[in-house]
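>>> return a 3D structure for these sequence lines:
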Amino acid sequence: MDESRRKFDMYPEIISGDATEKTNSEERPLYFLMGKDNMNKAFAHTWCFMPSNTRWAYTWFFQDAVPTLHPGTACERVKLILTDACQQEFHAIASVIGQGKVFANAYHRWCAWHRINRDFTNHTDFKSLLAQVRNSSIDNSVEVALIVRMMWYCIKHYETKEELELALVLIKEYLNEDQTEHKGDINENARKKIREFFVKSFECNKHMLCEASFEEVMTCGNCTTGMSEGQNRAYKKSVHGTRPSDDLAESTDKIIAMTQNSDARKIRSMTHAVKSKSAKASDRAKKAEGLSDYCNKLLLEEHAEGYKYLAYRPDECTFLIKRDYEKFDSDYSDDIDAAHTESEQLFDSMDKWIETQSTRTGKKALQVKKDELFGGGKPSMEPFKKLLCSEIRRVVPRFERTAVVEVWVIPGSENDEKMLVCNRCFKKRGLSCRHLYKLLDRHPKLTDAHVRWQTSYAQYYGVNGEMSKQFQALRDKIDLPGIPITDEELAVLNREYPVGSCQGHEEYFRRSLSGKLRLRGSRKNNHWKSTFASKSFVGVDRCCFACDDMTDESVTTAIEFDSSNLIGETVDRHSNQLVGVGVGTGPCGTSVIGGSSSYQVPSQMMDDEAQDDFAFATSGSTGKRSSAYHNFMPLYQEASKLVDATGQEGHAILRKCLQTAAMEMRQIAHQNDGNQTTTGMRSGPKLSREKVAKRAKTACSPSK
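All right, here's what the predicted structure looks like:
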């Protein structure tokens with residue numbers, strides 16, 4: 001579908017892939033890929049009724065189907081591929097990720113929800129065991145929820161590998177140490193099972209799960225395949241969705257109809273967003289005109305956090321920005337006792353209500369409700385959330401961080417225009433952050449975000465040819481790592497923050513720079529700082545456990561952090577990853593990869609010079625261009641279908657055109673004979689040695 005191809009060409013950065021069963025009478029798995037647009041709304045763009053869930057089928061899908069269905073540069077612009085931990089899928093994606101492959105700049109990440117919820121909290125090996133602990137007391141329920149939150153914190157919040165490695169060491173210590181300082185008391189059998197899962201299933205796969213392993217990747221906060229799971233339910237639960245009795249044609253028609261209806265709704269919403277404005281003048285003054293509502297929401301949240309930070313300017317081009325932890329890192333100790341009392345009363349009351357139920361169904365319903373109220377999730381009651389939040393702040397390792405903001409000259413600018421670059425946030429989401437708004441005393445504006453977040457980009461890209469070219473130039477050639485600032489804004493910066501100005505002590509900023517770790521909190525509200533004297537961690541700088549209110553010289557003396565004993569085997573991230581659209585079964589079904597449309601996405605229509613520029617920008621110094629196979633195969637397939645429809649007359653036309661094109665290219669090749677870029681032919685001029693994808697074979701498995 002043209003709209004799906006256009007959307008993938010606009011928003012290829014994040015891809016989520018998943019397979020679902022019971023969508024057709026042939027019992028083929030339906031595998032589909034999804035992305036996210038500038039409103040953070042999910043959209044499906046590639047579908048395939050797979051012959052099986054085997055490695056060779058996934059390899060064919062990623063290596064042949066996806067680039068054929070999505071010509072242009074979209075596949076090269078994919079940053080993150082999210083899937084579950086299916087090994088067949090994993091190895092297939094690994095074979096198409098890396099320089100010179102389909103997804104040259106992509107990384108593969110496993111779904112955290114599958115790892116924690118499906119493999120731990122809801123797995124048959126752990127579910128009844130954890131439920132038994134939770135039901136024993138309110139404190140034990142908090143303790144179980146805390147352990148789960150620790151793992152989620154590792155996945156979402158640690159920004160560097162050093163932070164993650166130290167946190168994993170501390171969590172393992174927490175699961176092994178005496179429980180006298182813990183909120184609850186978990187029996188040893190349950191603790192053993194939890195430790196086993198943490199070490200064998202979670203820690204060993206940290207490079208595929210945790211945000212710290214994707215430091216330079218634009219993730220936009222995505223760590224699960226939630227959008228794919230939601231689409232699965234829509235296909236199977238919707239009134240207009242697929243059914244197990246449908247043949248492939250019926251299922252295909254239903255998927256297309258559902259997608260077209262969804263696209264129509266989103267187009268109407270997008271048009272409304274472009275043309276409408278906020279009713280309040282104050283809202284219009286705050287929002288950046290031209291950016292999506294979702295982007296504006298994120299920018300305003302970041303802008304509102306700016307006042308909580310302190311700044312230090314050590315030199316002309318550098319600012320150190322750090323949160324005022326003393327003022328804005330408060331705890332909830334004042335109302336913890338009241339929250340504990342209220343939670344415990346309801347907890348005991350629900351136990352009594354469950355016992356009074358005479359039917360098994362009634363008991364189960366009340367037990368489910370109890371699990372929701374005291375499970376630590378969104379439906380949990382507020383007093384329980386306060387208890388859990390307080391315990392998280394006390395036990396979960398949280399680190400102080402100093403952001404480095406630098407003033408750079410924009411490359412290629414005529415008047416040496418400047419931009420602000422933050423070393424932490426912009427690369428993750430492509431928009432400004434709180435550290436920049438600490439320095440810029442203004443509301444967000446259009447240039448504070450990547451072009452993908454603009455409403456006009458969604459409305460005109462692939463629709464208006466001239467505007468599409470302008471957007472491509474902004475996206476591919478002027479992709480800045482920060483936000484531009486005007487001379488007036490730079491003058492205000494120089495006036496408000498002269499060189500040497502410091503809102504606090506210089507050491508406060510420098511002690512948490514990159515490579516230095518320091519835990520947040522004090523002895524009173526931090527589990528690790530209150531018990532550090534009795535702990536011994538090999539290779540860990542004891543300054544990590546230092547407190548502002550501590551005078552122990554053995555702690556405050558600087559010891560260099562040595563991560564060699566903590567960091568495990570390095571993993572080559574580019575050896576693992578995917579994306580694609582159309583309904584086609586390939587090797588074990590129809591021999592044609594689906595798609596009769598002749599629509600060309602803008603990146604497919606780039607001229608030779610633009611293709612060279614993009615290839616050089618995304619492929620390092622090699623400047624490798626997309627292969628002719630990927631560029632011309634869709635056109636050839638379209639022409640072949642027309643030949644089949646027109647019969648002998650069509651055969652003659654296509655043969656004449658191909659013979660003419662071949663003759664002209666031979667003449668050009670003869671003129672270039674002897675050139676280093678032409679090598680190889682049996683007779684005549686030498687041509688390129690670049691490998692061309694093999695022609696699709698007849699339907700059969702690789703073993704045949």
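
>>> now do the buried residues in stretch 465-473.
Using 16 or more other Cβ atoms under 10 Å as the test for burial, stretch 465-473 gives 467-469, 471-472. No exception for glycine: its C-beta is placed from N, CA and C like everyone else's.

>>> what is the mean pLDDT for it?
Averaged across stretch 465-473, pLDDT comes to 89.

>>> do stretch 477-494 as well
Mean predicted lDDT for stretch 477-494 stands at 90.

>>> and stretch 249-261, by the same measure?
Average pLDDT, stretch 249-261: 93.

>>> got it, and stretch 498-516?
90.

>>> measure it end to end?
End-to-end span of stretch 498-516 (Cα to Cα, to the nearest Å): 26 Å.

>>> what lies in contact with that stretch?
160, 162, 310-316, 320, 322, 324, 399-402, 404, 423, 518, 541, 543, 561 (Cβ atoms under 8 Å, 6 or more residues apart in numbering).

>>> buried only: go through the residues you listed for me.
Buried among these (16+ other Cβ under 10 Å): 160, 162, 310-314, 320, 322, 399-402, 404, 423, 518, 541, 543, 561.

>>> just the ones in helices from those, please.
Of the positions in these, Glu162 sit in helices, assigned by DSSP state H.

>>> which of the buried ones among the contacts of stretch 498-516 fall within strands?
310-314, 320, 322, 402, 404 (DSSP state E).

>>> can you put the residues you listed in TSV and add distance to Phe202?
Output for these, formatted as TSV (distance: Cβ to Cβ, whole Å):
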residue	distance to Phe202
Leu310	35
Ala311	38
Tyr312	38
Arg313	41
Pro314	39
Leu320	34
Lys322	31
Thr402	29
Val404	31
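
>>> if we can go back for a sec, which one of the buried residues of stretch 465-473 sits closest to Asp2?
Ser468 (14.0 Å; Cβ to Cβ).

>>> can you tell me the helix or strand for that closest one?
helix 465-472 (DSSP states H and E).

>>> repeat for Tyr294
Counting by DSSP H and E, Tyr294 is part of helix 293-305.

>>> helices or strands next to that helix in the packing?
On a contact count with 3 or more Cβ pairs under 8 Å, 6 or more residues apart in numbering; DSSP states H and E, helix 293-305 meets helix 434-439.

>>> thinking again about what came up before, buried sites along the helix holding Tyr294?
293-296, 298-300, 302-303, 305.

>>> before we move on, what about stretch 19-32?
So stretch 19-32, judged by 16+ other Cβ under 10 Å, has buried residues 19-20, 23-24, 28-32.

>>> can you list the weak-confidence ranges in the protein?
Low-confidence segments of the chain (pLDDT under 70): 330-340, 342-346, 350, 375-379, 531-539, 547-598, 606-634, 672-704.

>>> where do the helices sit along the stretch 1-150 of the chain?
2-10, 55-60, 66-69, 87-94, 112-113, 127-134, 138-156 (DSSP state H, counting those that start in this stretch).

>>> now the helices for the stretch 451-600 of the chain?
So, for the stretch 451-600 of the chain - with DSSP H, counting those that start in this stretch - the helices run 455-460, 465-472, 487-496, 506-510, 527-530, 553-556.

>>> for the ones in strands among the buried ones among the contacts of stretch 498-516, which one is nearest Ser4?
Val404 (40.4 Å).

>>> can you pull up the bridge partners for that closest one?
Counting by DSSP bridges, Val404 is bridged to Leu320.

>>> what's the answer for Thr20, then?
Beta-bridge partners, per DSSP bridges, of Thr20: Leu30.

>>> touching, it and Arg233? I think so.
No - applying Cβ atoms under 8 Å, one finds Thr20 not in contact with Arg233, separated by 9.0 Å.

>>> residues near Met218, how many?
20 (other Cβ atoms under 10 Å).

>>> shouldn't it be within a strand?
No - looking at Met218 with DSSP: H, G, I helix; E, B strand; the rest coil, it is coil, so not inside a strand.

>>> show me what contacts it?
13-14, 79-80, 427-430.

>>> repeat that with 10 Å
Going by Cβ atoms under 10 Å, 6 or more residues apart in numbering, Met218 touches 13-14, 77, 79-80, 105, 107, 426-430, 450, 452.

>>> hang on, the earlier thing: reformat the buried residues of stretch 19-32 as JSON lines; add distance to Pro498.
Listed next are those as JSON lines, based on distance: Cβ to Cβ, whole Å:
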{"residue": "Ala19", "distance to Pro498": "59"}
{"residue": "Thr20", "distance to Pro498": "60"}
{"residue": "Thr23", "distance to Pro498": "65"}
{"residue": "Asn24", "distance to Pro498": "69"}
{"residue": "Arg28", "distance to Pro498": "68"}
{"residue": "Pro29", "distance to Pro498": "63"}
{"residue": "Leu30", "distance to Pro498": "62"}
{"residue": "Tyr31", "distance to Pro498": "58"}
{"residue": "Phe32", "distance to Pro498": "56"}
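
>>> before we move on, the earlier item: pull the most distant pair out of the buried residues of helix 293-305.
Of all pairs in the buried residues of helix 293-305, the most separated under Cβ to Cβ is Asp293 and Glu305 at 19.2 Å.

>>> all strands of the stretch 251-400 of the chain, in order?
Ranges of strands in the stretch 251-400 of the chain, per DSSP state E, counting those that start in this stretch, are 309-315, 318-323.

>>> which strands or helices does the last one pack on?
For strand 318-323, the helices and strands in contact under the criterion 3 or more Cβ pairs under 10 Å, 6 or more residues apart in numbering; DSSP states H and E are strand 309-315, strand 402-409, strand 418-422, helix 434-439, helix 506-510.

>>> distance from the chain centre to it, please.
26 Å (Cα atoms, centre = their mean, to the nearest Å).

>>> returning to what we had before: out of the helices of the stretch 1-150 of the chain, nearest to Ser413?
helix 2-10 (26.3 Å).

>>> what angle sits between that closest one and helix 465-472?
Between helix 2-10 and helix 465-472, the angle comes out at 30 degrees (axes from the mean of the first three to the mean of the last three Cα atoms, to 10 degrees).

>>> buried set for helix 2-10?
So helix 2-10, judged by 16+ other Cβ under 10 Å, has buried residues 3-10.

>>> if we can go back for a sec, what would the strands of the stretch 251-400 of the chain look like in a markdown table with distance to Phe374?
Putting the strands of the stretch 251-400 of the chain into a markdown table (distance: least, Cβ to Cβ, whole Å) gives the following:
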| stretch | distance to Phe374 |
| --- | --- |
| strand 309-315 | 36 |
| strand 318-323 | 32 |
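
>>> wait, which of these is closest to Val142?
Among the strands of the stretch 251-400 of the chain, strand 318-323 sits nearest to Val142 (Cβ to Cβ), with 26.6 Å.

>>> put the alpha carbons of stretch 282-294 into PDB.
Extracted in PDB, the C-alpha atoms of stretch 282-294 (Å, rounded to 0.1, in the frame of the first residue of the first chain):
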ATOM      1  CA  SER A 282      -0.900  31.400  26.700                       C
ATOM      2  CA  ASP A 283      -0.900  27.900  25.100                       C
ATOM      3  CA  ARG A 284      -0.100  29.300  21.700                       C
ATOM      4  CA  ALA A 285       2.800  31.300  23.200                       C
ATOM      5  CA  LYS A 286       4.300  28.200  24.800                       C
ATOM      6  CA  LYS A 287       3.900  25.700  22.000                       C
ATOM      7  CA  ALA A 288       6.300  25.500  19.000                       C
ATOM      8  CA  GLU A 289       4.200  26.100  15.800                       C
ATOM      9  CA  GLY A 290       4.900  23.500  13.200                       C
ATOM     10  CA  LEU A 291       5.700  20.600  15.600                       C
ATOM     11  CA  SER A 292       3.300  17.800  16.400                       C
ATOM     12  CA  ASP A 293       1.300  17.800  19.600                       C
ATOM     13  CA  TYR A 294       3.200  14.900  21.000                       C
END
